[in-house]
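K.L.:
structure, please.
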Amino acid sequence: MRIGVMLKESSGEDPLSSIERQIARAAGDGFASVWMSHIFGFDAITALAVAGRGVSGIELGTAVVPTYPRHPAAMAQQALTAGAALRGRFTLGIGLSHRVVIEGMFGYSFDKPARHMREYLSVLLPLLNGERVAFEGETLRADIGLTAPAAPAMPVLIAALAPRMLKLAGELADGTVLWMTGRKAVAEHIAPTITKAAREAGRPEPRIACGLPISVTDDVEAARAKADEVFAMYGQLPSYRAMLDREGVASPGQVAVVGDEESVGRQLDDLAAAGATDFMASPYGSRETVGRTLELLKSRL
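P.N.:
Take a look at the predicted model:
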């Protein structure tokens, strides 16, 4: 299982330089990848292209960019630009986001999201491969070609949790990006569903990039309580709530990877055995705890 780290946005005077330093530190430490979320801060694709261009030898991925606010041709154009800037080290992670965001904030319909994603990929993927697209679906239309250099090897991962989305990810994309999804849900739901879909479509084994909060500490109870506090909203969003229910837990803190070095090591091994191909670490806690967590992760590279 490849180990990467989630980037943290900075609110300082030069926040992009802070992101660049984080990327450089991760590359220097030997991590396989860095991942940037796209919520209400920086545009993740742009930030990675700018901050990551001067750092070599590490994969840079989005986890994830919402599809609805960007036409797939605009997404492809931006991704191709980032891919060129990062010299082929860019991974495009995309996702539906959530009804409360797409309908409540952006004003788009969130009706039949799996249909939307299938149509989105029908435009996005050919454009990334350098093909012209003439497509008319129920929710999307496109008649366009791009002159940016094609990137047929650019991995495209989908934030897929529900069965239909996992099937799409296996059939059409290179894998899935997960968040708040524990070992049991990966082993019993995510990995079997996406792998079966990929095999039936004649595609390679999919990537399963599993992102979770992680804290190496001797005070497990306090760390889980802190995770419940910091990540509380993820226990309320329907898609993540469904994964916590599959795990049989009540709150985000119960899927966080928490414990001393030996315990956390076992939990990471269990995730790999469950089918995770990549672990996206989101260290949290005190400065000392985060440092201890990073040391443990580095020891496993």
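
K.L.:
and the gap between residue 64 and residue 201?
P.N.:
Computed as C-beta to C-beta, to the nearest Å, the residue 64 to residue 201 distance reads 21 Å. To be clear about C-beta, it is placed using only N, CA and C from the backbone, and glycine gets the same treatment.

K.L.:
who's more crowded, those two?
P.N.:
residue 64 (25 against 11; other C-beta atoms under 10 Å).

K.L.:
now the phi/psi pair for the closest residue to residue 209 other than its chain neighbours, please.
P.N.:
Leaving aside its chain neighbours, residue 209 sits nearest to residue 278 (3.9 Å; criterion: C-beta to C-beta, 6 or more residues apart in numbering). Dihedral pair for residue 278: phi -140, psi 140, per degrees, to the nearest 10.

K.L.:
can you check the one 5 residues further on too?
P.N.:
Taking degrees, to the nearest 10, you get phi -60, psi 140 for the backbone angles of residue 283.

K.L.:
could you count how many residues lie near it?
P.N.:
Count around residue 283 with other C-beta under 10 Å applied: 20.

K.L.:
report pLDDT for it.
P.N.:
Among the per-residue scores, residue 283 shows a pLDDT of 98.

K.L.:
equivalent analysis for the one 5 residues further on, please.
P.N.:
Residue 288 is assigned 97 on the pLDDT scale.

K.L.:
what of residue 122?
P.N.:
Residue 122 carries a pLDDT score of 98 in this model.

K.L.:
what sits against it?
P.N.:
133, 135, 137, 140 (C-beta atoms under 8 Å, 6 or more residues apart in numbering).

K.L.:
so it is in which element?
P.N.:
Under the criterion of DSSP states H and E, residue 122 resides in helix 113-128.

K.L.:
dump that helix to PDB, restricted to CA.
P.N.:
In PDB, the C-alpha atoms belonging to helix 113-128 read as follows (Å, rounded to 0.1, in the frame of the first residue of the first chain):
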ATOM      1  CA  PRO A 113     -26.100  11.900  -9.600                       C
ATOM      2  CA  ALA A 114     -24.800   8.600 -11.100                       C
ATOM      3  CA  ARG A 115     -26.300   9.500 -14.500                       C
ATOM      4  CA  HIS A 116     -24.600  12.900 -14.200                       C
ATOM      5  CA  MET A 117     -21.200  11.200 -13.500                       C
ATOM      6  CA  ARG A 118     -21.600   8.700 -16.400                       C
ATOM      7  CA  GLU A 119     -22.300  11.600 -18.800                       C
ATOM      8  CA  TYR A 120     -19.500  13.700 -17.300                       C
ATOM      9  CA  LEU A 121     -17.000  10.900 -17.900                       C
ATOM     10  CA  SER A 122     -18.300  10.400 -21.400                       C
ATOM     11  CA  VAL A 123     -16.900  13.900 -22.200                       C
ATOM     12  CA  LEU A 124     -14.000  14.200 -19.800                       C
ATOM     13  CA  LEU A 125     -12.100  11.000 -20.600                       C
ATOM     14  CA  PRO A 126     -12.000  11.300 -24.400                       C
ATOM     15  CA  LEU A 127     -10.800  14.900 -24.100                       C
ATOM     16  CA  LEU A 128      -8.000  13.900 -21.700                       C
END
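
K.L.:
any buried residues in it, and which?
P.N.:
Across helix 113-128, burial judged by 16 or more other C-beta atoms under 10 Å covers 113, 116-128.
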